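Trainee: the following comprises the amino acid sequence and a computationally predicted model.
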Amino acid sequence: CMKVVSGLSVGIWVPSQRFLTFLPRSKPYLVVRGCVADSEWGEDSPARLLTPIRVLFVGKYEIEHGLDLFVAALEFLRSGAPVGRLYEFDCCGTRDYPAELRSLSAGADRPVIRLHGLLSDDEYRKLLAETAVALVLQKGQGRHANLKSPSKAHEFLAAGKLVIATDVGDLALNSGSQLIMLKDESPEELVRIFEDIAKEPEKYEKIALAARKYSRRES
């Protein structure tokens, strides 16, 4: 379908360089990486990584979108790892959470895990404002890796969050300077990043502020 549409078009806009592999090069094209206008987020308000550090995960709650990685990291943090006491996790975007996530959220151990369900726009904006770190864990080698660029990543960057992401779309271009990228997509690596953030919060606050400035410039 995409090839038919591109064949009928005068020119092509794509959300990442990866799309170009699947499209005719004879047409003029423009890569628009999905930067979100940040006017709705107000003045620069740097993410403060104060304990407990609140982390946001927005569904879909599917393996393709990193559910297995997320749950495994939570299970490790719940196993008694000291870093688990420094974090809280907020989940939204569905009414039907997977059983393993419901089970974890019901426990009284640290870290706290909150399931917010489906939120209104106002409720979502409030939750986003209260969190400092946002996860975008779509599989880097999955079926959506080349042709679905996660728009939430750009929303989080525009909101000045510290984004932890996988290598999908063109997010690798922002790695290290505006976001943190998982290299091997393992729960151990994700937990290690959580540990590093807790040890050097000022370093990572600067990355979150750079994300906001990047989105403002690019949009």
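Mentor: Great, that's in hand. Numbers count the residues shown, from 1 in each chain.
Trainee: CA only for contacts and neighbour counts going forward, please
Mentor: Will do.
Trainee: beta-bridge partners for the residue sitting nearest the centre point of the chain, please?
Mentor: In the chain, the centroid-proximal residue (C-alpha atoms, centre = their mean) is residue 136; its distance is 2.6 Å. Bridge pairing for residue 136 (DSSP bridges) gives the partners residue 165.
Trainee: ok, it touching residue 167?
Mentor: No - applying C-alpha atoms under 8 Å, one finds residue 136 not in contact with residue 167, separated by 9.7 Å.
Trainee: and residue 147, how close does it get to residue 204?
Mentor: 30 Å (C-alpha to C-alpha, to the nearest Å).
Trainee: can you list the residues that contact the helix or strand hosting residue 213?
Mentor: Using DSSP states H and E, the element containing residue 213 is helix 201-218. Contact with helix 201-218 is made by 35-38, 44, 46-50, 154, 157-163, 176-179, 197, as judged by C-alpha atoms under 8 Å, 6 or more residues apart in numbering.
Trainee: switch to 6 Å and redo it
Mentor: Residues outside helix 201-218 that contact it (C-alpha atoms under 6 Å, 6 or more residues apart in numbering): 35, 46, 47, 49, 157, 158, 160, 161, 162, 177, 178.
Trainee: kindly report the same for stretch 100-110.
Mentor: 84, 85, 113.
Trainee: from those, which is closest to residue 56?
Mentor: residue 113 (10.1 Å; C-alpha to C-alpha).
Trainee: residues of stretch 93-100 that come out buried?
Mentor: For stretch 93-100, a neighbour-count test (16 or more other C-alpha atoms under 10 Å) marks 93, 94, 97 as buried.
Trainee: make sure the last one is indeed in a helix.
Mentor: No - under the criterion used here (DSSP: H, G, I helix; E, B strand; the rest coil), residue 97 is coil, not part of a helix.
Trainee: can you give me the pLDDT of it?
Mentor: For residue 97, the pLDDT comes out at 97.
Trainee: state the helix or strand in which the residue nearest to it when sequence neighbours are not counted lies.
Mentor: Spatially, and ignoring its direct neighbours in sequence, residue 97 is nearest to residue 61 (7.0 Å; C-alpha to C-alpha, 6 or more residues apart in numbering). Per DSSP H and E, residue 61 falls between elements, in no helix or strand.
Trainee: tell me the strands in the chain, going along the chain?
Mentor: 12-14, 29-31, 53-58, 87-92, 112-115, 133-136, 162-165, 180-181 (DSSP state E).
Trainee: can you count the residues close to the closest residue to residue 10 other than its chain neighbours?
Mentor: Once flanking residues are discounted, residue 10 sits nearest to residue 27: 6.9 Å by C-alpha to C-alpha, 6+ apart. Neighbourhood size, residue 27 [other C-alpha atoms under 10 Å]: 12.
Trainee: look up phi and psi at residue 27.
Mentor: When read as degrees, to the nearest 10, the backbone of residue 27 gives phi -100, psi 150.
Trainee: buried residues, stretch 74-94. List them.
Mentor: So stretch 74-94, judged by 16+ other C-alpha under 10 Å, has buried residues 74-75, 77-78, 83-94.
Trainee: closest to residue 4 out of these?
Mentor: residue 93 (32.7 Å).
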